[in-house]
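> Using only what follows, build the 3D model:
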Amino acid sequence: MSRLVVSTFLSLDGVMQGPGGPGEDDSNAFPHGGWLVPHVDEEFGRIMDEQFQRADGMLLGRRSYDILSAHWPHVPDEEGGAKINSMPKYVATTTPMTATWRNTQVLVGEAAQTIAALKNRTDGEILVQGSSDLIAGLQRADLIDEYRLLIFPVVLGEGKRLFAPGTVPAGLKLTSAATTPAGVIYATYERNGAPVYGTVAPDA
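Predicted structure coming up:
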């Protein structure tokens with residue numbers, strides 16, 4: 001069985017919408033597209049390259065697929081194109097579509113069912129990149145094994161958040177943490193069963 005890893009960019013208040021530029025995701029009149037760009041540095045690039053090198057496949061929602069498939073087929077092999085264009089890619093969608101990006105399989109149906117079946121029939125690590133609506137469905141179905149979060153020093157106050165209402169409660173274990181020179185926190189968490197609760201004892 002494969003492991004499902006969510007890699008995402010977050011503002012400090014948990015927003016993941018439209019990090020790469022205006023027009024990337026302007027739904028609900030989101031006005032802050034491109035908030036990630038001023039904080040990109042060499043270390044950020046190294047982290048992202050490492051994530052793609054580790055992945056055995058990539059899972060995308062329809063919108064993220066359209067964005068990435070318009071870009072990566074034109075990227076030279078030596079700049080990362082060889083790995084990403086050759087790896088298996090899966091698009092989760094509720095309506096049939098034609099995928100033109102090399103090595104892409106379309107998964108039509110409810111994500112809870114199609115992604116559970118994908119995990120069962122594959123091995124290694126499947127990386128979920130972007131795809132906020134898809135991630136929300138995966139959280140409700142409790143299918144995510146690990147989060148790799150890049151948290152940026154900006155507060156947006158509105159937009160789609162990583163943990164939306166309906167997310168299944170989960171305990172997480174911090175497995176690594178680092179910062180980039182630009183102030184981005186890179187933290188990784190593994191699924192660690194159900195939350196554990198207790199009571200803070202009052203002072204004696």
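
> Name the residues of the longest helix along the chain that are buried.
Ranked by residue count and defined by DSSP state H, the top helix of the chain is helix 42-54. If you call a residue buried by 16 or more other Cβ atoms under 10 Å, then helix 42-54 has these buried ones: 44, 47-48, 51. Heads up, the C-betas are built off the backbone N, CA and C, glycines and all.

> got it, and stretch 76-87?
Applying 16+ other Cβ under 10 Å to stretch 76-87 flags 80, 84-85, 87 as buried.

> Go through those residues and flag which are in helices.
Cross-referencing these against helices under DSSP H gives 84-85.

> got the phi/psi numbers for Leu68?
phi -70, psi -40 (degrees, to the nearest 10).

> which residues does it contact?
Contacts for Leu68 (Cβ atoms under 8 Å, 6 or more residues apart in numbering) come out as 60, 101, 129-130.

> how about the buried residues of stretch 76-87 in JSON lines, adding pLDDT?
Below are these laid out as JSON lines (pLDDT from 0 to 100):
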{"residue": "Gly80", "pLDDT": "83"}
{"residue": "Ile84", "pLDDT": "91"}
{"residue": "Asn85", "pLDDT": "93"}
{"residue": "Met87", "pLDDT": "94"}
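
> about what we covered before: ok, the buried residues of helix 42-54 vs Ala70, which is closest?
Ranked by distance to Ala70 (Cβ to Cβ), the buried residues of helix 42-54 are led by Met48 at 18.2 Å.

> Assign Ala99 to helix, strand or coil.
Following DSSP: H, G, I helix; E, B strand; the rest coil, we place Ala99 in the coil state.

> Just the pLDDT at it, thanks.
Confidence at Ala99, expressed as pLDDT, is 92.

> what's near enough to touch Gln17?
25, 27, 30, 32, 132, 159-160.

> and it, which of the three is it?
What three-state DSSP gives for Gln17 is coil.

> pLDDT score for it?
Note on Gln17: pLDDT of 94.

> Next: the one 5 residues further on.
With respect to pLDDT, Pro22 scores 92.

> Verify the stated contact: Ala194 with Val168.
No: using Cβ atoms under 8 Å, Ala194 is not in contact with Val168, being 9.2 Å away.

> show me where this structure has strands.
Counting by DSSP state E, the segments of the chain that form strands are 3-11, 57-61, 89-93, 104-108, 125-129, 146-152, 172-179, 185-191.
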